[in-house]
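Engineer: Okay, structure incoming, though there's no sequence with it:
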DNA sequence: GGGGTATTGTGAATAAAGTCACAGCGTTAT
DNA sequence: ATAACGCTGTGACTTTATTCACAATACCCC
């Protein structure tokens, strides 16, 4: 009932709600949230039903308490540290992209094979030695890693991370990761996405995908 | 029958097949391709059925002709030019990531609001003036754009691109794009993906998503 | 206060995606 | 030759995801 897709949409709803809140709105209808999120009112209502949140027929949903409810549901009870593996162009862009200190998800360090990068602080994030990865990850209890290394390095890095206790990987390398059942892998395959867009741009198709 | 997801998997199959080919293999079984792709043999067979490709019961699929068949299906008949909009950290990383000259999809230029970047060549790609976007895009017949601008700029940029003839957008900005029906938008929402991974890392769930 | 209105919450229906399972067949071994 | 094997191609089925549609509800206006 709380599948992969629902989690993604809840995260999206939260961000949209925050931006509406910043605009001064206090309530929102399923219909309006749906049009911001690019889906249907029925889906919004069902998703919110899934986390047990109720609105009022007259005012819709209270934005403040809805954000709070989504946070309670999505966020870890205690802040969750994350590491970035690979400080190439993409790794640096990701550091710049993610706010230095998200409330509950913080990138606490980076690793790179290049010894020249070790010890340096890039975008406010310190780079540690490649060999120390297992030790640091397991000592600090990191359970989520972002993999931004070349495809050839990705499988080996994933194995090392999993051995050190990682249970979730955000993988930008176009390579299958040989991880055990209990590890969640989210692949972001840029080439695939670009090819999909190019394909559908030629067809007259309308779609919005996460 | 040839849905969004199938297209994504075909693109993935092609890459996996190419790498197997580079390793010297000439044939592959649905079972083996599935394990590379992280799905099931039945799904591989059904996907290939969708593009009308047949293998042999004894040898499986001929890798060379399968790649060719996927190319015929996925690739544009004539090379397709692409523009990158936004030359910040992420834009530069994307230029570095995509091979300078993919066979059928080539990034032919970039745009940025920053006048200091205009005229420069970054990662082998020339940056043009922000104001010239409509003109250049429509004159060169570009139909696909990669949006790597801040969320606040994305909707306006999307509108301008669509007006200039763009029919497909790869959008990295966490903002809904107000585009007409016929324009295909593929959203890559990094924050959402990271939150999903963090969420499932705490559960004991196994999944692979594109 | 009472009727009208617009919205929520949700069971039921529909659609989409993925899996099963088996007939058919080329290959190989005997 | 012929039998046995293991794969593909595919109809039927299962599961998952989404939409429909409507009763229940809170509010507003008169």
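Structural biologist: It's in. None of these values were measured; they are calculated from a predicted model. Numbers count the residues shown, from 1 in each chain, chains lettered A, B, ... in the order given.
Engineer: in chain A, which strand has the most residues?
Structural biologist: Assignment by DSSP state E gives strand A:105-112 as the longest strand of chain A.
Engineer: Show me what that strand is in contact with.
Structural biologist: For strand A:105-112, contacts defined as CB atoms under 8 Å, 6 or more residues apart in numbering or on different chains pick out A:79-88, A:91, A:95, A:98, A:100, A:118, A:122, A:125-130, A:132-133, A:136, A:140, A:142, A:144, A:146, B:194-195, B:198. The way it works is simple: take the backbone N, C-alpha and C, and place the C-beta from them, glycine included.
Engineer: So for it, mean pLDDT?
Structural biologist: Averaged over strand A:105-112, pLDDT sits at 96.
Engineer: who's sitting farthest from the centroid in chain A?
Structural biologist: residue A:58 (33.9 Å; CA atoms, centre = their mean).
Engineer: follow-up on the earlier one: take the contacts of strand A:105-112 and keep only those in strands.
Structural biologist: A:80-85, A:122, A:125-129, A:144, A:146.
Engineer: who does the residue nearest the centre of chain A bridge with?
Structural biologist: Note on chain A: the residue nearest the mean C-alpha position is residue A:170, at 7.4 Å, using CA atoms, centre = their mean. Beta bridges link residue A:170 to residue A:146, residue A:186, judged by DSSP bridges.
Engineer: From residue A:16, how far off is it?
Structural biologist: 22 Å (CB to CB, to the nearest Å).
Engineer: right, and the secondary structure at the residue farthest from the centre of chain A would be what?
Structural biologist: Here residue A:58 is recorded as coil under DSSP: H, G, I helix; E, B strand; the rest coil.
Engineer: All the helices of chain A, residue numbers only.
Structural biologist: Taking DSSP state H as the test, the helices found in chain A are A:4-22, A:30-37, A:41-50, A:63-74, A:89-97, A:133-140, A:154-163, A:190-202.
Engineer: Residue B:29: which of the ones you listed is closest?
Structural biologist: helix A:154-163 (21.4 Å; CB to CB).
Engineer: Give me the average confidence score over the closest one.
Structural biologist: So the average pLDDT for helix A:154-163 ends up being 97.
Engineer: close to chain B, is it?
Structural biologist: No - using CB under 8 Å from any CB of the partner chain, helix A:154-163 stays clear of chain B, with a minimum separation of 11.2 Å.
Engineer: Are any of the contacts of strand A:105-112 buried, and if so which?
Structural biologist: Neighbour counting with 16 or more other CB atoms under 10 Å in any protein chain shown marks A:80-88, A:91, A:95, A:98, A:118, A:122, A:125, A:127-128, A:130, A:133, A:136, A:142, A:144, A:146, B:194-195, B:198 as buried within the contacts of strand A:105-112.
Engineer: Hmm, residue A:95 is touching residue A:121, no?
Structural biologist: No - taking CB atoms under 8 Å as the definition, residue A:95 is not a contact partner of residue A:121, at 10.4 Å.
Engineer: what's the residue farthest from the centre of chain A sitting at in phi/psi?
Structural biologist: phi -90, psi -40 (degrees, to the nearest 10).
Engineer: I'd like the distance between it and residue A:17.
Structural biologist: From residue A:58 to residue A:17 the distance is 19 Å (CB to CB).
Engineer: Also residue A:112?
Structural biologist: On the measure of CB to CB, residue A:112 and residue A:17 end up 37 Å apart.
Engineer: how about the ones in strands among the contacts of strand A:105-112, which pair is most distant?
Structural biologist: Between any two of those (CB to CB), the greatest distance is 23.3 Å, for A:80 and A:129.
Engineer: so where's chain A uncertain?
Structural biologist: Applying pLDDT under 70 to chain A picks out residues A:100-101, A:204-210.
Engineer: Around DNA strand D, which positions in it sit nearby?
Structural biologist: Within chain A, the residues that sit near DNA strand D (CB under 7 Å from any atom of the strand) are A:3-6, A:39-40, A:42-43, A:45-46, A:56-59.
Engineer: Among the residues you listed, which one lies nearest to DNA strand C?
Structural biologist: Distances from DNA strand C to these, taken as CB to the nearest atom of the strand, are shortest for residue A:57 (3.1 Å).
Engineer: Which residues of chain A lie near DNA strand C?
Structural biologist: A:29-31, A:41-42, A:45-46, A:48-49, A:53-58, A:60-61.
Engineer: Please convert the buried members of these into ChimeraX selection syntax.
Structural biologist: The ChimeraX command for the buried members of the residues of chain A next to DNA strand C (criterion: 16+ other CB under 10 Å) is given here:
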select /A:29,30,45,48,53,55,60,61
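Engineer: For residue A:79, see how far away the closest residue to residue A:95 other than its chain neighbours is.
Structural biologist: Once flanking residues are discounted, residue A:95 sits nearest to residue A:123: 3.8 Å by CB to CB, 6 or more residues apart in numbering or on different chains. Distance of residue A:123 to residue A:79, computed by CB to CB: 19 Å.
Engineer: and if you look at residue A:154?
Structural biologist: 27 Å.
Engineer: likewise residue A:87?
Structural biologist: Distance, residue A:87 to residue A:79, by CB to CB: 23 Å.
Engineer: Over to residue A:146?
Structural biologist: 16 Å.
Engineer: One more: residue A:11?
Structural biologist: 17 Å.
Engineer: Likewise for residue A:179?
Structural biologist: 24 Å.
Engineer: Also residue A:127?
Structural biologist: According to CB to CB, residue A:127 stands 21 Å off from residue A:79.
Engineer: got the contact list for the residue nearest to residue A:32 when sequence neighbours are not counted?
Structural biologist: Closest residue to residue A:32 apart from its sequence neighbours, by CB to CB, 6+ apart: residue A:60 at 7.6 Å. Applying CB under 8 Å, 6+ apart to residue A:60 gives the contacts A:27, A:28, A:29, A:30, A:32.
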